[in-house]
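# sequence unknown, structure follows:
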């Protein structure tokens, strides 16, 4: 028994902005889906099944919105599956869709993730009051900032590293027409003098809150052969979860993340990720997570990740570009952010990343995480069909 | 940091009643509409009902920007009548919060004249005997209309003649001052119940004690207890008091004031490993300038009357804990 | 359905007692005994499981990310390969089934839980509806099902006596179901929303369920008589009730066809019908004759822990195959207003 090779033949995303006031929820998801179909030169009828992901339903105030969106996604008469694994959901959703092809259940699957955060307020959605609990914080920044401090203590990294990441990602976003933040006037000095929100995290080191959607068409070898553009081939994919809070949890480098990456590399036959991977789209909602994940994903030894950032290795012209799209720091429709990482990785190996294309990218990693740094999903895609 | 091995307290003799509290989830959602839904809801404000032509020629009311069967993009709006025929109904003897009428009414699906699909709304009639499938009804417009489905107050019986079937006329969908968004308030009321373990913890807090629960397998003490050791996947029941002192293992300085959070900024939000606990809990640090808080700081709780939790933790004056003593408790 | 690359079976099923109000336990406290029970039935430990998938809903709990705390019950350490669907656990089982088909795992733990007691389910489910055209009217789940029931009555496809008989049969069957809150006959009672009476409606309650799937010889080693999944498929319909024929369930028919349900007759069916009238629709869609035993567990009308009710249908059908009471069974799960989305699984024992 062997898995069917899985190809990404269609990728679409919306323009991501703070508030897409020109579309309904249905219009938003259809914009991304239609672009993915067009990229694959397919129509709604060519799709066998739809797999949809998003983060908490409270963000839009629609419970199980896949039910309402079924006809908008051309899913009537088809299987429609909804995934929710917190912030990693965009990645997990793509992997569930990929499995449908790999298991030969379906031949062409549309997978889509979205968030329309302007329908409510992310701060509200993430911080619904819970009786008996002491209100101490609002939003995610305060939750993650202590872990950033723990990383700084552990790695002894200079405290400017975070600003380097933020500046790099926001500059990269200028080359990505879909990115939410296009801050042409941003300078490193401005990042470093931006307000300290949750010390040690500054305003300019924090992800925005976006409306947006991302969609992909996944198919088998036959579908890939018909694709008008080069496909990205799935070389490895995995999900790992660990409990939210537990005795011995390493928030700086969660074991679930390490195990997930190791599984993906094993599937893809990668033994030296630092040398064998050409581009990385990782989920960096706060700038310091770049060096943290570089270590967690095996690109650097423990305590050494920041050195890659500092020396420019992760820049667009470095030898391990990280987040050439501008990443989550520039675009963050939460439920779709993970899928955007996966899709941007696929765009790189398809040679279709436009102005933020990494020359000669053959293998790229897409990474997503969520919850209290407890849910991880990753895929590794390549320009060549796996053996 | 002093090594403390907490002694288990006696297991509870009788299970105590678990706590509950009301939880209201309420938000005025702001919904952008896009062209088709915007035209329909603006039309209602103007007492005009729009539908849309589907791929197979059907007129879909209320209109969607996509074909309900095929997903194809739809654009061609048409105007249908404010009168129609009930296709099915249900008698609602006890209207609930938010529903269109406060007195008993019938839910109806109505196929408006000119439409091929039905619209859900309320029908104002005296009782179930006054409703039947196939009866003729007419829209009763709300006195104040804003561009929302509630601009239709409800349907009422219509005794006019049934019109001959006719193709609905095309409509541009354009109106002055179009509605592009609606505000949709939604409130749901819940009764939150944190469960047995958390209830025991919360009751102990009332006695100014911090009560964790020890995993019978890995022996780690969970605080707050969750009734389960999440790594071993087994129930915890043996209670063990931890603290009151502890060590700041990491923290951040919060500089932005959150809505609905009555804490002056800046303040320090810290992870505190109480002596004996297997993992840190989260609390605010006080009694020391915010910029002097550090990892390893030894702290103790400061209780205030009328508050279930310690108001904050303050320095004990002990020497800072060694990093190696708490690095697994961050 | 094309020939499956692997044979996959339900090898164990467990469920909690389903109660009207479980406020004394958290989700993790409710789920954990069920997970221990289902693992004990196979002798597996949590760490032996290759893939885990759960189903639940934040909107029932009133809390975002509510499923993350339920993971406490699993013992996810070392980290596990795991996923979650924001819907009934039957779809979690489907996701797990696909994962096993790929060969990346040989065993899967599937669980689902629902605590409806914290909220008002009829109000909560209105939030599933079109947020522009339907949700602002707060039409509750009973009202929508009643519109469907009236359509059936108008079409002459059922009568009130038949609906009452479905209710009576279900609760009588539940006399043998120790987990069900409604056991034995009940009066039909007053109209909740006419034509549906109290007795036509499922109870609303809290509970959890879990299933273990295993592939091939692993399944045979774990279970004396595995319930082999011969086919499983799910399909969705348009959302708006006004564009659908409420007296039919084409998505159920199609899913059943794709799952191979019509290839040979089944002897038993567990249908996820929270309203008596929906059983009528489903029986027609599935072409179930009088010879088929329907809902010997009592079905959703006897026990309805929302988000687990569909998974329980698969578990109940599998358990009967494992006990030798059925040779070929159909299990069905539904989601959404008026049977919008439906899943059908066909299970068989080895003869």
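That came through fine. Predicted, not measured: the structure shown is a model, and the values here were computed from it. Numbering: from 1, shown residues only, chains lettered A, B, ... in the order given.
# Could you check stretch B:187-201 and say which residues are buried?
B:188-201 (16 or more other C-beta atoms under 10 Å in any protein chain shown). (Glycine included, C-beta is placed from N, CA and C.)
# Of all residues in the stretch 201-330 of chain B, which one is closest to chain C?
residue B:233 (2.0 Å; C-beta to the nearest C-beta).
# And residue B:24, how close does it get to residue A:56?
17 Å (C-beta to C-beta, to the nearest Å).
# So which of the two has more stuff around it?
Counted by other C-beta atoms under 10 Å in any protein chain shown, residue B:24 and residue A:56 do not tie: residue A:56 has more neighbours, with 23 against 12.
# what's around the nearest residue to the more buried one once chain neighbours are set aside, how many residues?
Take residue A:56 and drop its neighbours on the chain: the residue closest to it by C-beta to C-beta, 6 or more residues apart in numbering or on different chains is residue C:64, 3.7 Å away. Neighbours of residue C:64 under the rule other C-beta under 10 Å: 22.
# My guess is residue C:64 contacts residue A:58. True?
Yes. Under the criterion of C-beta atoms under 8 Å, residue C:64 makes contact with residue A:58 at 5.1 Å.
# Mind listing the shared neighbours of the two?
A:125, A:128, C:58 (C-beta atoms under 8 Å, 6 or more residues apart in numbering or on different chains).
# Can you say which helix or strand has the first one in it?
Read it as residue A:125. helix A:122-126 (DSSP states H and E).
# average pLDDT across the strand or helix carrying residue B:200?
Remark: residue B:200 resides in helix B:196-206, with elements defined by DSSP H and E. Mean pLDDT, helix B:196-206: 93.
# One more: stretch C:25-41?
Mean pLDDT, stretch C:25-41: 96.
# Stretch B:100-115 too?
98.
# One more: stretch A:348-359?
For stretch A:348-359, the per-residue pLDDT averages 98.
# Please read off the pLDDT at the single nearest residue of the stretch 1-150 of chain B relative to chain A from the model.
Using C-beta to the nearest C-beta, the single residue of the stretch 1-150 of chain B nearest to chain A is residue B:71, 2.6 Å away. At residue B:71, the model reports a pLDDT of 95.
# One more: the one 4 residues further on?
The score at residue B:75 is 94. That number is its pLDDT.
# Report the contact partners of residue C:81.
Counted by C-beta under 8 Å, 6+ apart, residue C:81 has contacts A:238-241, A:263, C:50-52, C:99, C:104-105.
# do the same with residue A:346
A:8, A:11, A:216, A:232, A:364, A:366, A:381.
# again, 6 Å this time
Going by C-beta atoms under 6 Å, 6 or more residues apart in numbering or on different chains, residue A:346 touches A:8, A:232, A:381.
# and the last one, how many neighbours does it have?
Around residue A:381 sit 30 other residues, with neighbours defined as other C-beta under 10 Å.
# Identify the bridge partners of it.
residue A:234, residue A:364 (DSSP bridges).
# and residue B:323, how many neighbours does it have?
13.
# Distance of it relative to chain A?
7 Å (C-beta to the nearest C-beta, to the nearest Å).
# quick one, what contacts that residue?
Contacts of residue B:323 (C-beta under 6 Å, 6+ apart): none.
# and it, what are its phi and psi?
Per-residue torsions, residue B:323: phi -50, psi -40 (degrees, to the nearest 10).
# and if you look at residue A:92?
phi -60, psi -40.
# Neighbours of it, how many?
So residue A:92, with other C-beta under 10 Å, has 32 neighbours.
# for residue B:103, same thing?
Residue B:103 - counted by other C-beta under 10 Å - has 8 other residues nearby.
# Give me the nearest residue to it, chain neighbours excluded.
residue B:95 (6.8 Å).
# Can you give me the pLDDT of the nearest residue in space to residue B:256 that is not next to it in sequence?
Nearest non-adjacent residue to residue B:256, counting by C-beta to C-beta, 6+ apart: residue A:197, 5.1 Å away. Per-residue pLDDT puts residue A:197 at 95.
# List the contacts of residue A:197.
Counted by C-beta under 6 Å, 6+ apart, residue A:197 has contacts A:141, A:203, B:255-256.
# Now the helix or strand hosting it: buried residues?
Element membership of residue A:197, judged by DSSP H and E, is strand A:196-199. Neighbour-count burial for strand A:196-199, with 16+ other C-beta under 10 Å as criterion, is recorded at A:196-199.
# Provide the strand pairings for it, with the direction of each partner.
According to DSSP bridges, strand A:196-199 forms sheet pairs with strand A:201-202 (antiparallel), strand B:246-254 (antiparallel).
# Pick the most buried one from the ones you listed.
By mean neighbour count, with neighbours taken as mean count of other C-beta atoms under 10 Å in any protein chain shown, strand B:246-254 ranks first of those at a mean of 26.
# I would like the residues contacting it, please.
A:142, A:145-146, A:149-150, A:198-199, B:1, B:265-275, B:280, B:290, B:293, B:295, B:297-299, B:321, B:326, B:329-330.
# Relative to its centre, which residue of the chain is most distant?
No chain was given, so I picked chain A. In chain A, counting by C-alpha atoms, centre = their mean, residue A:132 sits farthest out from the average C-alpha position, at 33.9 Å.
# Sorry, I should have been clearer: chain B.
Chain B, farthest from centre, C-alpha atoms, centre = their mean: residue B:164 at 47.1 Å.
# Counting neighbours, which bits of stretch C:246-265 end up buried?
By neighbour count with 16+ other C-beta under 10 Å, stretch C:246-265 contains the buried residues C:246-261.
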